[in-house]
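Peer 1: sequence below, structure please.
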Amino acid sequence: RVYLPLAVLVHSWYLLLPKDLSPKSLNGLLLASSDRIYEGDKVKFGNGLGGTIVKMGWMETLIRGPDEIMVTVPNADLAGERVSNLSRIQKSQVKQTLRFEYKDADKLPLLVEDIKEEIKLACPLLISDGSRPFRVHFTGFGSDHCEVRVNAHFNIKPVGDEYWDNRQRVILAIQKAVKKHGVEFAIT
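Peer 2: Next up, the predicted model:
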């Protein structure tokens, strides 16, 4: 019942606007009412653009990139884009591909187990209950190296200092295990 008068109002407003202005402002209205993004959200669009939504207007949206550069984008361009709203994601992932010298291949099975243990000790928000993958595996041989892959998920948003501090803890845990086993990274 409420939607019919609102639809009539929006349609009348749409007809009264100049032809090039009405689709642009309608896109702004649709974007603002879609619940996809809000001012202050950290986002990543399908076209590669990403950053923090600074201001959403009827015609355009202002986005601050990670390099602090402000970009003004017409809402018509954003309306059809896929968007990942990083501010609403509650979990994060850290993936690493490690390359070791062939001479250390026999040490890798124990190294893999120690990397898992070091990450568990260093990262209390690691998801290790089986609901998300927590993997460290010797995955194969490259042309000049052995490869180990690390894939860990955490109960941490993928933005902000908490994420980056945790990522650093993962890398330091890997380094601790590598040092313990006297294994050398392959230089490609």
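
Peer 1: and the strands in this protein, which stretches?
Peer 2: Applying DSSP state E to the chain gives strands spanning 42-45, 50-56, 60-64, 70-74, 83-85, 92-100, 135-141, 146-154.

Peer 1: what about stretch 51-62, how long is it end to end?
Peer 2: With Cα to Cα, to the nearest Å as the measure, the first residue of stretch 51-62 is 10 Å from its last.

Peer 1: scratch that, stretch 148-166 is what I was asking about
Peer 2: 20 Å.

Peer 1: for it, the averaged confidence score.
Peer 2: Averaged across stretch 148-166, pLDDT comes to 94.

Peer 1: in that stretch, which residues are buried?
Peer 2: 148, 150, 152, 153, 154, 156, 157, 158, 163, 166 (16 or more other Cβ atoms under 10 Å). The way it works is simple: take the backbone N, C-alpha and C, and place the C-beta from them, glycine included.

Peer 1: do stretch 125-134 as well
Peer 2: So stretch 125-134, judged by 16+ other Cβ under 10 Å, has buried residues 126, 127, 134.

Peer 1: related to what we said a few turns ago, rebuild the buried residues of stretch 148-166 as TSV, extending it with distance to residue 79.
Peer 2: Formatted as TSV, the buried residues of stretch 148-166 follow (distance: Cβ to Cβ, whole Å):
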residue	distance to residue 79
148	43
150	38
152	36
153	32
154	33
156	31
157	26
158	25
163	29
166	35
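
Peer 1: between these, which is nearest residue 102?
Peer 2: residue 148 (13.1 Å; Cβ to Cβ).

Peer 1: tell me the confidence at the closest residue to that closest one other than its chain neighbours?
Peer 2: Spatial nearest neighbour of residue 148, excluding adjacent residues (Cβ to Cβ, 6 or more residues apart in numbering): residue 98 at 4.4 Å. At residue 98, the model reports a pLDDT of 97.

Peer 1: how close does residue 98 get to residue 40?
Peer 2: Distance of residue 98 to residue 40, computed by Cβ to Cβ, to the nearest Å: 37 Å.

Peer 1: the two - which one has more neighbours?
Peer 2: More crowded of residue 98 and residue 40, by other Cβ atoms under 10 Å: residue 98, with 22 against 9.

Peer 1: isn't that one up against residue 184?
Peer 2: No: in this structure residue 98 lies outside contact range of residue 184 using Cβ atoms under 8 Å: 11.2 Å.
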